[in-house]
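> sharing a sequence plus its predicted fold:
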Amino acid sequence: MILTEEEKREAVEKSRKILSRHDSSKGSLIPVLQEVQSALGYVPPDAMQEVAGHFNIPSVDVYGVVTFYNQFRLTPPGKNQVKLCMGTACHMRGAGIIMESWERVLSIKVGETTLDREFSLERVACVGCCTLAPVAVVNETVHGKMTPTKVDGMLFSHRLANPQQKEDKPE
Amino acid sequence: MGDKVKITIDGKEIAAVPGEKILWAALDNGIYIPHLCAGRDDHSPLASCRLCFVEIEGYAHPVPSCTQEVSGGMVITTRSERVDRIIGTGFELIMSNHRTDCRACPRNHSCELQKIARERKLKLKPARLPRLDRDLPVDGSAAKIKYDPNKCVLCGHCIRACREKGAGVLGFARRGFERAVTTFNGSPLGESGCNNCTACALACPVGALALKE
Amino acid sequence: MSERKMAAAALEKLKEQAGINRASLRGKTLILLGAATCGRAVGALEVAKTFRDEIERLQLDAAVVEVGCMGHCYAEPMAIIYKPGFSGICYGYLNEGVASRLVQDFLVEGDPCVEFALAATGINDFIPTFQDFPRGIVEQKTVMEHCGFIDPENIEDYLAVGGYGSLAAALDREPSGVIKEIKASGLRGRGGAGFPTGLKWEMCSSSPESTRYVICNADEGDPGAFMDRTILESNPHLVIEGLAIAAYSAGAGKAYFYVRAEYPLAVERIKKALQQAAGLGIIGKAMLGAEYSLDIEVFQGSGAFVCGEETALIASMEGEPGLPRHRPPYPAVAGLFGKPTVIDNVKTLSYVPLIIKNGADWFKATGTEKSPGTAIFALAGKLVSTGLTEVPMGTTLSQIIYDVGSGIAGNKKFKAVQIGGPSGGCLPEETLETPVDYESLSKAGAMMGSGGMVVLDENDCMVEIARFFLDFTQKESCGKCTFCRLGTKHMLDILERITKGKGQPEDIDLLLELAEDVRAGSLCNLGKTAPNPVLSTLRYFRREYDAHINEKRCPSLMCKDLIAYYILPDKCERSCDACVGSCPVEAIFSNEDRIKVVNQEKCVKCDSCMVACPPQYRAVIKVSPPEEVLRREREKGVK
């Protein structure tokens, strides 16, 4: 995914602001990256370089950390993030079928963002709601006992409700 | 540095420095133990290749000799049925993921994998396991160095060399089966700030990073 | 020792103030609403709003308190209503409609609506209590005693039930005395391996290094486990108290909560609880007037299962990828930033205040000799009553599954119970009399692990579950060491071949060989235990492997490549088109007799038609191997 100059500038500015609140002890590296991700939605190369400079470590080490942990994204997420729980209970109750349904209705694969950046689809490790399996988390809201029809319905009502609708995201 | 202590490896009595790791004590005394990732100056060894297992009298299980410090009177054997089995499988696993192209490889005859195979009478071609080739593109973008990630065994010697002598552009990224030696953002070596010091190519024991001919 | 009553006295003073504040609630109707993640996912917050709106509208003297989870997750959203003159009554399966009825009928008119009641919290004339049910008889709540009954966001609730009394008592003792008590209790780590907790603390406290750390490991990553989440969301102060006692005993001035990022509500509640405790001077500089200061910080994990392994957890806190390191040295000797570090699991720490309060002998009175105390399990899968339970160690699996979990849902047959997640194993029916304790479970081929228990029924394929877990460990492997990175990959490839009907008879031997070598050769416990799900399914369910390999058939009709959907012509109703409409890929058509037929080429096996087919027809079935469809069609043709 190619980032615009505007996006790059935003990445650098926001990263610097976050870094100004942290010392350079390496223990702060992951908390800093988490803040960058929550400010930008992802961790672009320009932000990684800022972070590497702050901690005085090779930028490839920051890249190594970002690519190691599931939480960090290298590309911008969709406005609506759909996370599918792939825990045991969800798996045994048909999470695979739910995943395929999302992939089918959004015409993307897991890990991708729709072209209009409206939706992104991710698999997450167990979100701890095993009793409600299978579970999908849409913008921090947990939806339990998912079915293929429910997937259709959720997308349908979202489109009805107008795609501009802003979601309140807790910090 | 304290007085040397006496240990026994494969029936041979050896004087070793307390705190020294068994692997280096053995190698310094002409006793070969297979190894890929170990570095002599490592403070905390990676212990990732899992090929340097030995038996120590009084220990329930074989242990990696790169992490185990010697202590006086230790009795060590480098071969046993259990050790041979772990190393045999470990080696086969590595070979199933190492693109074998010995004849065209700059490391042919000086390859650490070939040495392990020769010393332990192991086959270079995995017998039980299919190949796990990731089919990654070969990077020839740097002026003097060629990088074939399909040969990489993740020993980390190149990363150490790059930080000590080079521009510090190499590092580990991603995880699991996708774990790889790469540059920032996975950019080609030629665009990564690499200064072509070639330390990595000299350090690579298996020809994944090599000098361009 | 009389001068050492300072902390206790300081706490008493705090509690008096708390008591005054709580007095405003006395005489009021209280609605405790289960608002942990499990409740919220099924609309607890909407129900809470209805309660509040109705109370407001009718101007009632009642308060709604959002509490944690009492373990009966299957019946969420749940609420306990305390109305003066009645014993507390617990209601389940709430929705906005039931909520407004409860306000009108019960709160206003005094009819407790028994039809919606699950149980009462105290003995009364018309509603049975939780203790009257088999579940209540088996369960013994110690750590979970207050979960779901106190407001996790209000420290006064915790103080009112005696909270932080153990911390005060500990601060009034020498650290060595506290360690002695914990050692005497025989408490073992509830995170998996079961290492004696007191011993770990002692190792750390006897270090010559003066900078030491204590970490609460709340990186609960086992798919199918949610005990830590529930405890943190329902009673965070209990864990904070345990962590503070551990830090005091080990001589650490700094402690951390390492919580996984997937648990936002737990993070929020711990942070709030820490603020409150610090605000009252219970945690912090010269806490409770003692000569001891402690700073507690929250560190959020970034989504890597391997970080539950203590050396990987430490690596991530140091700003590195979560790669496990060789042990020894153990963290208690050289851990975070090279300093002695105690790492204890959420559940382990939750027992600590209880042991200090009631004594080691009280703790040992429950459970078995080698595994004293209770065990907390997360029950999930094909059970009627899923949720969280706390039972004495030594309780049998069948008691947990049938008495606590109310047996298998949907009249299906029990097949196996998966215990211990990716490091554990699947145990069959004949092992159900196994008592749950560390040793017995390992012997049976599973593992105590962190306490996730997923029950599987006859429709669950055991090869597939083994493949699922290996896929999980493979995805979560850090990739550092050869055996875990490549060994589990080969094992996964073999299992994938088998579930696709491409397995060879010799694959089983290769799997067994690789499993043993991965166990012997891996660097950390993630790798060493990764083969367990494969080994245990091979041990107990070999026949299912054979069916996949030799007959290319999945006996449980689960493996997608080995099944096909088929519509029974004799059962299909001509005038019904439910399946046709439900199919997302237009794979179902009507033949000339207006009987529905599945186009096998187009079918994506999504299960929609089977769900859509009305229960009076049940015409859609799954068959295995897929060729069975051809055979049946041919048979029909002959007729």
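Received the coordinates, thanks. As the structure is a computational prediction, the values presented were derived from the model and not from experiment.

> could you break chain A into its assigned domains?
A:5-68, A:80-160 (automatic domain parsing).

> columns distance to chain C and mean neighbour count on top of these, output as TSV?
Where you see a C-beta, it was placed from the backbone N, CA and C, and this is true even at glycine. TSV is the format used below for the domains of chain A (distance: least, Cβ to the nearest Cβ, whole Å; neighbours: other Cβ atoms under 10 Å in any protein chain shown):
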stretch	distance to chain C	mean neighbour count
domain A:5-68	3	19
domain A:80-160	3	20
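
> neighbours of the residue in chain B positioned nearest to chain A, how many?
Taking Cβ to the nearest Cβ, chain A has its nearest neighbour within chain B at residue B:171, 3.5 Å off. Residue B:171 has 25 neighbours, counted by other Cβ atoms under 10 Å in any protein chain shown.

> quick one: contacts for it?
Applying Cβ atoms under 8 Å, 6 or more residues apart in numbering or on different chains to residue B:171 gives the contacts A:58, A:60-61, A:63-64, B:159, B:181-184.

> beta partners for it?
Beta bridges link residue B:171 to residue B:182, judged by DSSP bridges.

> just how off-centre is the helix or strand of chain A with the lowest mean pLDDT within its chain?
Of all helical and strand segments in chain A, the minimum by mean pLDDT, DSSP states H and E falls on helix A:88-92, at a mean of 81. With Cα atoms, centre = their mean, to the nearest Å as the basis, helix A:88-92 stands 22 Å off its chain's centre.

> hmm, who's touching it?
Contact with helix A:88-92 is made by A:84, A:98, A:126, A:130-131, A:133-135, C:223-224, C:380-382, C:418, C:421, C:452, C:454, C:456, C:460, C:465, C:468-469, as judged by Cβ under 8 Å, 6+ apart.

> helix, strand or coil for the residue nearest the centre of chain B?
Geometric centre of chain B, nearest residue: residue B:36, 1.2 Å, by Cα atoms, centre = their mean. Per DSSP: H, G, I helix; E, B strand; the rest coil, the local secondary structure of residue B:36 is coil.

> tell me who's in contact with it.
Taking Cβ under 8 Å, 6+ apart as the criterion, residue B:36 is in contact with B:49, B:51, B:94, B:112, B:116, B:153, B:155, B:205-206.

> check residue C:223 too.
Contact partners of residue C:223, counting by Cβ under 8 Å, 6+ apart, are A:86-91, A:125-126, C:421-422, C:452, C:472.

> would you mind measuring from the closest residue to it other than its chain neighbours to chain B?
Of all residues not flanking residue C:223 in the chain, residue A:87 sits nearest, at 3.5 Å (Cβ to Cβ, 6 or more residues apart in numbering or on different chains). Distance of residue A:87 to chain B, given as Cβ to the nearest Cβ, to the nearest Å: 18 Å.

> my guess is residue A:87 meets residue C:224, correct?
Yes: with contact defined as Cβ atoms under 8 Å, residue A:87 counts as touching residue C:224 (5.5 Å).

> how close does the nearest residue to residue B:145 once chain neighbours are set aside get to chain C?
Nearest residue to residue B:145, sequence neighbours excluded (Cβ to Cβ, 6+ apart): residue B:201, at 5.1 Å. With the distance defined as Cβ to the nearest Cβ, residue B:201 ends up 23 Å from chain C.

> and residue B:201, helix, strand or coil?
With three-state DSSP as the criterion, residue B:201 reads helix.

> how many neighbours does it have?
23.

> what sits against it?
Going by Cβ under 8 Å, 6+ apart, the list of residues near residue B:201 reads B:144-146, B:158, B:209-211.

> what about the helices in the stretch 151-300 of chain C?
Here the stretch 151-300 of chain C has its helices, by DSSP state H, counting those that start in this stretch, at C:155-160, C:165-171, C:175-185, C:197-205, C:227-234, C:236-250, C:264-279.

> please identify the residues of chain B in proximity to chain A?
By the rule Cβ under 8 Å from any Cβ of the partner chain, the part of chain B lying against chain A is B:163, B:168-175, B:182-186.

> that older thread, how confident was the prediction at the residue nearest to the centre of chain B?
Per-residue confidence (pLDDT) for residue B:36: 97.

> now swap in the one 3 residues further on and tell me
The predicted structure scores residue B:39 at 93 on the pLDDT scale.

> what about the closest residue to it other than its chain neighbours, distance to chain C?
Residue nearest to residue B:39 in three dimensions, not counting chain neighbours: residue B:160, with 6.1 Å by Cβ to Cβ, 6+ apart. Taking Cβ to the nearest Cβ as the measure, residue B:160 falls 15 Å from chain C.

> what about residue B:160, neighbour count?
Using other Cβ under 10 Å as the criterion, residue B:160 is surrounded by 18 other residues.

> buried residues in the one helix or strand it maps to, which are they?
For residue B:160, the host element (DSSP states H and E) is helix B:157-165. Using 16 or more other Cβ atoms under 10 Å in any protein chain shown as the test for burial, helix B:157-165 gives B:157-163.
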